[in-house]
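Peer 1: got a predicted structure here, sequence first:
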Amino acid sequence: MTSMTHSGSSTDLLLLVAGAAAVAGVARKLRTSAPLLLVAVGLAASYLPGVPAYTLDPHLVLPLVLPPLLYTSALDSSFLGLRAQVRPVALLAVGYVLFCTVLVGLAAYALVPGLPLAAAFVLGAVVAPPDAVAATAIARRVGLPRTIVTILQGESLANDATAITAYRVALAAAVGEGFSWGTAAGDFLLAALGGTAVGLVLMVPLQWVRVRLADPLLLNTFSLLVPFAAYAVAEAFGASGVIAVVVVGLYLGHEAHAVDFATRLQEEAVWRMVSFVLESTVFALIGLQLRLILDDLGAYRAGQLALWAAAVLAVVVVGRFVWTYATTYLPPLLGLGLRRSRPAAPLPPWNATFVIAWAGMRGVVSLAVAFSIPATVEGGGPFPGRELILFLTFAVVVGTLLLQGLTLPALVRVLRLPRPDRQRLVLTEAQAQSDASHAALDRLDVLLQDERNRLPQALETRLRRVLDRRQNAVWERLGAVHEETGESADATYRRLSRELVEAERQAFVRLRDQGRIDDELLRTLVRRLDLEEAMVDHDEE
């Protein structure tokens with residue numbers, strides 16, 4: 001992920017990860033955006049004496065950091081939700097990235113004297129894709145409607161592949177390898193269709209292995225290897241590893257119910273930890289790049305750099321508004337018939353479109369790709385404007401994170417976007433739970449007709465009470481609250497359940513300390529309580 005210029009790099013990397021995790025932990029405590037705080041702290045730390053020169057290594061970031069981040073995001077995505085929003089997602093993930101590449105390239109070419117057009121398009125491709133982590137993290141924190149979160153998440157899952165392909169085409173032209181529209185179209189189709197094909201080929205056998213690995217430890221180890229394997233296989237064929245990882249992640253997330261409960265609990269915990277560490281580290285690295293980038297800009301005046309950075313940032317921000325509003329409202333107005341399959345579907349409200357256009361924060365992928373620009377071109381000469389492209393990329397990344405990320409929560413409040421209807425969601429959940437409970441009761445009646453399944457009346461009653469409790473718990477969340485505590489009956493039940501579990505846990509510990517049970521038995525008993533408490537906490541979410 002990083003390279004350091006002196007010995008002790010392992011210690012420096014450890015300090016980076018630990019420091020990033022600490023800052024992210026503070027952000028969680030303060031209920032603020034971790035990406036924004038990490039970037040700000042990284043910017044300040046880059047000028048502190050003694051801070052190592054951390055450099056983003058694209059050969060590590062792209063194959064080792066991007067796959068797990070995209071995989072976790074794909075696992076948490078809704079396949080059905082993305083399918084319902086396929087048109088806006090495709091327009092943003094493919095159309096907008098190509099539009100932004102051309103728009104920023106032309107603007108930079110006109111703005112910066114002596115910058116070749118091919119190098120300007122390299123800059124456009126580098127800054128084109130919004131970040132997968134920042135947008136969805138901030139969107140969920142501010143409570144955006146699910147449709148908007150789904151669109152932003154779907155865009156961020158696929159746009160990296162489009163941008164990286166556009167970057168490779170522009171880079172080939174810039175370094176003297178030649179350019180043709182036919183080659184560009186072929187490269188794009190190979191990346192998109194090839195990555196999709198690799199994902200489709202891998203997803204079924206990977207799921208087959210997941211279902212049949214009975215050991216949760218082995219299965220979670222296997223799970224950690226999946227995104228890297230999908231990425232490597234696709235890249236080996238010249239296809240998009242990003243798309244392959246997304247396809248596999250969407251399918252495995254959609255079929256997660258087929259894996260046993262222990263694996264699901266452990267897998268969720270493992271991937272939460274992995275994504276937390278990686279996200280924290282990469283956003284801290286973004287801020288830490290400032291000093292390194294500025295050190296190579298001695299040939300430019302500060303006023304020039306500020307003007308160019310502000311102009312490119314403005315083009316990126318305004319261009320997203322132009323594309324989003326044009327593709328949302330112009331086709332129906334021009335009668336292009338893009339909504340014939342669903343003629344009754346209303347156009348999205350202007351404020352929802354505004355938020356989607358504003359939530360275009362850039363992130364670590366842009367910087368990693370920028371750092372991968374070679375230092376020389378064909379013939380041995382220096383790559384034209386490489387240091388300037390790095391600086392402008394950094395300015396766009398930090399500018400969008402701070403400008404758009406800091407203002408997005410206030411913008412959502414000002415625009416009065418509809419909040420999720422909690423009562424409707426609970427009613428939907430209650431109906432689903434009622435249907436499931438009735439199915440379980442019918443299954444129980446069938447099972448108890450078999451003599452081999454006969455139970456004492458007390459245990460049969462206990463099974464039925466568990467189902468009743470599960471069904472009634474959701475309805476109780478809609479009931480009246482206690483006049484003193486403000487809790488619903490279900491909330492009080494969960495709180496008391498946790499108190500009872502904790503009392504049992506402390507009793508087991510006392511028995512261990514008294515020598516009446518050993519540590520192995522203590523761990524077995526406490527694990528049972530942990531699972532019960534996990535069920536209580538899950539019901540509360």
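Peer 2: Received it, and whenever you're ready, just let me know what you need. Residues are numbered from 1 along each chain as shown.
Peer 1: give me the below-cutoff pLDDT ranges for the stretch 301-450 of the chain.
Peer 2: By pLDDT under 70, the weakly predicted segments of the stretch 301-450 of the chain are 333-345, 378-380, 419-423, 425-426, 429.
Peer 1: helices of that one, start to end?
Peer 2: Counting by DSSP state H, counting those that start in this stretch, one finds helices in the stretch 301-450 of the chain at the ranges 302-334, 350-358, 364-371, 386-415, 422-448.
Peer 1: quick one, which of those gets closest to Val233.
Peer 2: Closest to Val233 of the helices of the stretch 301-450 of the chain, according to C-beta to C-beta: helix 364-371, at 20.4 Å. C-beta here means a position set from N, CA and C on the backbone, and glycine is covered the same way.
Peer 1: distance from the closest one to the middle of the chain?
Peer 2: 17 Å (C-alpha atoms, centre = their mean, to the nearest Å).
Peer 1: got it, and stretch 34-45?
Peer 2: 19 Å.
Peer 1: what of stretch 346-355?
Peer 2: 23 Å.
Peer 1: just to revisit the earlier point, looking at the helices of the stretch 301-450 of the chain, which is buried most?
Peer 2: Each of the helices of the stretch 301-450 of the chain was scored by mean neighbour count; the highest is helix 364-371, a mean of 26, by mean count of other C-beta atoms under 10 Å.
Peer 1: return the residues in contact with Val245.
Peer 2: 67, 70-71, 74, 199, 227, 230-231, 234 (C-beta atoms under 8 Å, 6 or more residues apart in numbering).
Peer 1: buried members of the residues you listed into PyMOL, please.
Peer 2: Restricted to buried positions by 16 or more other C-beta atoms under 10 Å, the PyMOL selection for the contacts of Val245 reads:
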select buried, resi 67+70+71+74+199+227+230+231+234
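Peer 1: between the contacts of Val245, which is closest to Pro332?
Peer 2: For the contacts of Val245, the nearest to Pro332 is Ala74 (30.8 Å; C-beta to C-beta).
Peer 1: would the closest one count as being in a helix?
Peer 2: Yes: according to DSSP: H, G, I helix; E, B strand; the rest coil, Ala74 belongs to a helix.
Peer 1: any idea how far it lies from Leu91?
Peer 2: Counting by C-beta to C-beta, to the nearest Å, the separation of Ala74 from Leu91 is 20 Å.
Peer 1: next one: Thr221
Peer 2: Counting by C-beta to C-beta, the gap from Thr221 to Leu91 is 39 Å.
Peer 1: where do the strands of this protein begin and end?
Peer 2: In the chain, the strands defined using DSSP state E lie at 2-3, 55-56.
Peer 1: in terms of mean pLDDT, which of these ranks lowest?
Peer 2: Mean pLDDT is lowest for strand 2-3 among the strands of the chain, at a mean of 56.
Peer 1: pLDDT below threshold where in the stretch 1-150 of the chain?
Peer 2: Checking the stretch 1-150 of the chain against pLDDT under 70 turns up 1-8, 132-143.
Peer 1: all helices for it, in order.
Peer 2: Taking DSSP H, counting those that start in this stretch as the criterion, the stretch 1-150 of the chain carries its helices at 9-30, 34-45, 58-60, 66-75, 79-84, 86-90, 97-111, 117-127, 132-141, 146-174.
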